[in-house]
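**Student:** Predicted structure and sequence below. I'll ask about it afterward.
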There are 2 protein chains.
Amino acid sequence: MATYKIAIDTQGSDKGPATIVQGALMALAENPELSIVLFGDSQVIKAELAKAEYDHDRIEIVHAPDTITNYDNPMEAIFKKTDSSLVKALQALAARDDLLGLINAGSTGALIAGALRYVPAKPLRRPALAAILPAAKGGFTCLVDTGANIDCTASMLVEFAHMGSDLMKQCYAIENPRVGLLSNGAEETKGNKLVKETHVLLKADAELNFVGNIEGTNALSGDCDVLVADGFAGNQVLKNSEGIAKRIITDIVVYGKKTGNPEIMKLVGYLMSIYDFNSLGGAQLLGTGKPIIKAHGAANADSIKNTSAIMLNVARNKAMFDGKDHR
Amino acid sequence: MATYKIAIDTQGSDKGPATIVQGALMALAENPELSIVLFGDSQVIKAELAKAEYDHDRIEIVHAPDTITNYDNPMEAIFKKTDSSLVKALQALAARDDLLGLINAGSTGALIAGALRYVPAKPLRRPALAAILPAAKGGFTCLVDTGANIDCTASMLVEFAHMGSDLMKQCYAIENPRVGLLSNGAEETKGNKLVKETHVLLKADAELNFVGNIEGTNALSGDCDVLVADGFAGNQVLKNSEGIAKRIITDIVVYGKKTGNPEIMKLVGYLMSIYDFNSLGGAQLLGTGKPIIKAHGAANADSIKNTSAIMLNVARNKAMFDGKDHR
């Protein structure tokens, strides 16, 4: 069977390459249409693969002995560590038509710098990080930017709106994505200086389906498909949602242990499947020539499995969108 | 018995004066040390009081026929609507030594303008809105500012830190409040321009117990007693926490109905008692001469009851702090 092929960088994550390889194998087992190219130390990868049974035709290894870590200067590392798994993976993504996307769980800064260097969008765009979050009414909300651009101008936020819209169209098959602007109130008059300026620009932009300001209470209510914010505010929404969800689930676990009711523990599993942001699959890098997903630094095997499934979905939808099947 | 006396404005809220009066009566029933002065239309108040049994010695009515609404220009209303319940209540708070604090569920803008006009701090301070939120490890975190000051400078954030510290010392009996700065990462180098500037100032301020940057994930983890943010970012944390909590609880209700397990519904009640921000008690206005709490515009009777209990606690702790019993 023809498969969709994606690249996974096995190095640079908190939990090490073995965890990443385990996640990749789990993804292969669940998705017969998927193939994976693993970048990293081939000995380490082979040792991990040897422990499992899998379809050898759907795994390829590209040896890259060096690792870019969070302690490296991102820009310097991208130019100097040419034997690193990240640089090798980005170079391959740019050069190989059969590679449809890349997953990396290492340094965000290096990934962004490297994407700009090796897989830039044409025309060149400013990279941003989007989180694809579960919306209350089903479906997903693309929150952009979640932290790649901390100090922003209004024109940058308009760029985020366009990139987010493109992503939801091309990769999530949403025809006319509704764009919302994160503010401190739904009214047009609400917002800080940046939001007020951006509101005017978004409203005047005929290419966007702008639905107005969205306040924090409704950030993930499903009132928009793309939620635009500067990287500082977007980071608050992302991390705060994660923190509150984790806290409530912890409270429920404690309560469940006290009552000993098995139904409460089943509920915890159900809530984790929706609100465990770590295993949800990470952030999509926007403004690049090909899809790139930044998985959580602390991603476990489950998270890598989920991220791979998302990337597969992106590849499939992109095929529908541009009418070319990339398998 | 000597009681602590607080003022409650019965007008201007979404649910109308009857709800506010009901909440006041519930507070009196639960707190024998509390007395309440109700400001508003005396006929409406008396009609509501006539329906209940209560200790007449602990209720006083001050007639004020006029109402300030959310449609009024705040500044104009404060100067022109001198027969409104809010202006009467603020004037009384300033003039009467026996009144220890004020609760209002109406226009935030008018309350802030009115507090500055009638009950200013000496020396004059910039008003800010603090939310007193339940921290993960027990106790409370004072988040300031939650929306009174949307565009801020670093020196404003330092002022928020001082006012928040004073509040936690005087009203919540915390000896040396830990001050955190909301940022997009715990590291000193993280933050937007405003946060980086503020970090330097807070670190250099010998009067504050500054513990560094706090990221969104840990906003309510209990790692600090006062969490400082500009009003835009603080508003996101407050409203986003509220939105996520409400959404998860709604999910649990749906799940509980499906399984029909009574333990799940008991769990919902338990979670609501912690995470129902509407009934938690509203925001404390800082930078005023006497304690003022802004209850939620949509506050129900339960919320007014809880807010009154918080105000009673504030009055009691303030008595301990300054060594004067104000009963």
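**Tutor:** Cool, the structure landed. Since we're looking at a predicted model, the values are computed, not measured.
**Student:** A:Leu38: what secondary structure?
**Tutor:** strand (DSSP: H, G, I helix; E, B strand; the rest coil).
**Student:** Test my guess that it contacts A:Ile6.
**Tutor:** No: with contact defined as CB atoms under 8 Å, A:Leu38 does not count as touching A:Ile6 (10.3 Å). Quick note: C-beta positions are derived from backbone N, CA and C, even for glycine.
**Student:** so who does the residue positioned nearest the centre of chain A touch?
**Tutor:** Centroid-nearest residue in chain A, with CA atoms, centre = their mean: A:Ala283, separated by 2.3 Å. Counting by CB atoms under 8 Å, 6 or more residues apart in numbering or on different chains, A:Ala283 makes contact with A:129-132, A:146, A:293-294.
**Student:** got the phi/psi numbers for it?
**Tutor:** Dihedral angles of A:Ala283 (phi, psi; degrees, to the nearest 10) stand at phi -110, psi 140.
**Student:** Where does the prediction get shaky in chain A?
**Tutor:** For chain A, the stretches flagged by pLDDT under 70 are A:278-281, A:319-327.
**Student:** Do a quick rundown of the helices in it.
**Tutor:** Secondary structure of chain A (DSSP state H): helices at A:17-30, A:42-49, A:74-80, A:85-95, A:108-118, A:154-172, A:193-204, A:231-259, A:262-275, A:277-280, A:301-322.
**Student:** Give me the buried positions along the second one.
**Tutor:** Okay, so that is helix A:42-49. Neighbour-count burial for helix A:42-49 flags A:42, A:44-45, A:48-49 (criterion: 16 or more other CB atoms under 10 Å in any protein chain shown).
**Student:** Just send those residues back as JSON lines, with distance to chain B too.
**Tutor:** Below are the buried residues of helix A:42-49 laid out as JSON lines (distance: CB to the nearest CB, whole Å):
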{"residue": "A:Ser42", "distance to chain B": "34"}
{"residue": "A:Val44", "distance to chain B": "30"}
{"residue": "A:Ile45", "distance to chain B": "31"}
{"residue": "A:Glu48", "distance to chain B": "30"}
{"residue": "A:Leu49", "distance to chain B": "34"}
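**Student:** Could I get the contacting residues of the residue lying closest to A:Glu159 once chain neighbours are set aside?
**Tutor:** Leaving aside its sequence neighbours, A:Glu159 sits nearest to A:Arg126 (CB to CB, 6 or more residues apart in numbering or on different chains; 5.9 Å). When contacts are counted by CB under 8 Å, 6+ apart, A:Arg126 touches A:149, A:156, A:159, A:287.
**Student:** now these in TSV, with distance to B:Ile214 and neighbour count?
**Tutor:** Output for these, formatted as TSV (distance: CB to CB, whole Å; neighbours: other CB atoms under 10 Å in any protein chain shown):
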residue	distance to B:Ile214	neighbour count
A:Asn149	21	23
A:Met156	26	19
A:Glu159	29	21
A:Gly287	29	24
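**Student:** Within range of chain B, give me the residues from the stretch 51-200 of chain A.
**Tutor:** A:136, A:147, A:150-151, A:182, A:184, A:191-193, A:195 (CB under 8 Å from any CB of the partner chain).
**Student:** now with 7 Å?
**Tutor:** The stretch 51-200 of chain A comes close to chain B at residues A:136, A:147, A:150-151, A:184, A:192-193, as judged by CB under 7 Å from any CB of the partner chain.
**Student:** If any of the residues you listed are buried, put those into a ChimeraX selection.
**Tutor:** Listed next is the ChimeraX selection for buried residues among those, using 16+ other CB under 10 Å:
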select /A:136,147,150,184,192
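**Student:** What is the nearest of the residues of the stretch 51-200 of chain A next to chain B to B:Pro177?
**Tutor:** Relative to B:Pro177, the closest of these is A:Asn184; by CB to CB it sits at 25.4 Å.
**Student:** just checking, that closest one touches B:Ile150?
**Tutor:** Yes: using CB atoms under 7 Å, A:Asn184 is in contact with B:Ile150, at 6.2 Å.
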